[in-house]
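In: What follows is a predicted protein model with its sequence.
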Amino acid sequence: MSHTPNAAGASALARQPVELAGLRRRLASMLYESLLLLGVLALTFMVPLLILGVGLEYTPPGGVLWVYIFVVLGMYFLWYWRRGGQTLAMQTWKLRVVDIQGEPVSLRQGWLRYALAWPSVLFLGVGLIWALIDKDRQFLHDRFAGTRLVLLLTPNESGN
């Protein structure tokens, strides 16, 4: 049972030259991503809370708000990672998240990568600092999730 669009997409991905993305490029993409996430949160977080607060005079407890943020951002990342392997910031910086075989990440891997990225960043960036000693310069959450960020090269760049 062959799915033509998936087979075509997979063969296009296989034909595109890739290499592991450099640390500076990944950090720059994360910085840009954080700016984009402000817009995502403004739309999905602040607007509903203003409606609840002004219209119903209700403010959810802090723990509920943190769970809401976690779920909303998780859906954002999983949506993009499962549909092309790139968020908007990753497209700008020519990055793609893939599994260790270079295939698109599974739903399980995507959620694991996302969930592990929180402590990786929040515990003084230890998961990011890990890339300085990792043999492939990968973040700790990528190591544990079986994913990696690759740099997408154009045909002109692959010959250099």
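Out: Received it, and whenever you're ready, just let me know what you need. Because the structure is predicted, anything quoted here is derived from the model rather than measured.
In: List the strands paired with the helix or strand harbouring residue 148, with their directions.
Out: Using DSSP states H and E, residue 148 sits within strand 147-152. Strands that pair with strand 147-152, judged by DSSP bridges, come out as strand 18-20 (antiparallel), strand 95-99 (antiparallel).
In: after the first one, next one along is what?
Out: Yep, that's strand 18-20 we're talking about. That would be, after strand 18-20 and using DSSP H and E, helix 23-41.
In: And that following helix, what does it pack against?
Out: helix 62-82, helix 88-92, strand 95-99 (3 or more CB pairs under 8 Å, 6 or more residues apart in numbering; DSSP states H and E). Any C-beta I mention is one placed from the backbone N, CA and C, and that applies to glycine too.
In: quick one, which of these is packed in tightest?
Out: Comparing these by mean neighbour count (mean count of other CB atoms under 10 Å), strand 95-99 ranks first with a mean of 21.
In: Now do the helix or strand just after that strand: everything it contacts.
Out: Remark: after strand 95-99, the chain's next helix or strand is helix 107-122, criterion DSSP H and E. With contacts defined as CB atoms under 8 Å, 6 or more residues apart in numbering, helix 107-122 is touched by 70, 73-74, 77-78, 81-82, 97, 99, 105, 126-128, 130, 139-142, 144-147.
In: so where is this protein shaky, pLDDT-wise?
Out: 1-18, 155-160 (pLDDT under 70).
In: Which residue would you name as the spatial centre of it?
Out: residue 77 (5.0 Å; CA atoms, centre = their mean).
In: need the contact list for that residue.
Out: 87, 110, 114.
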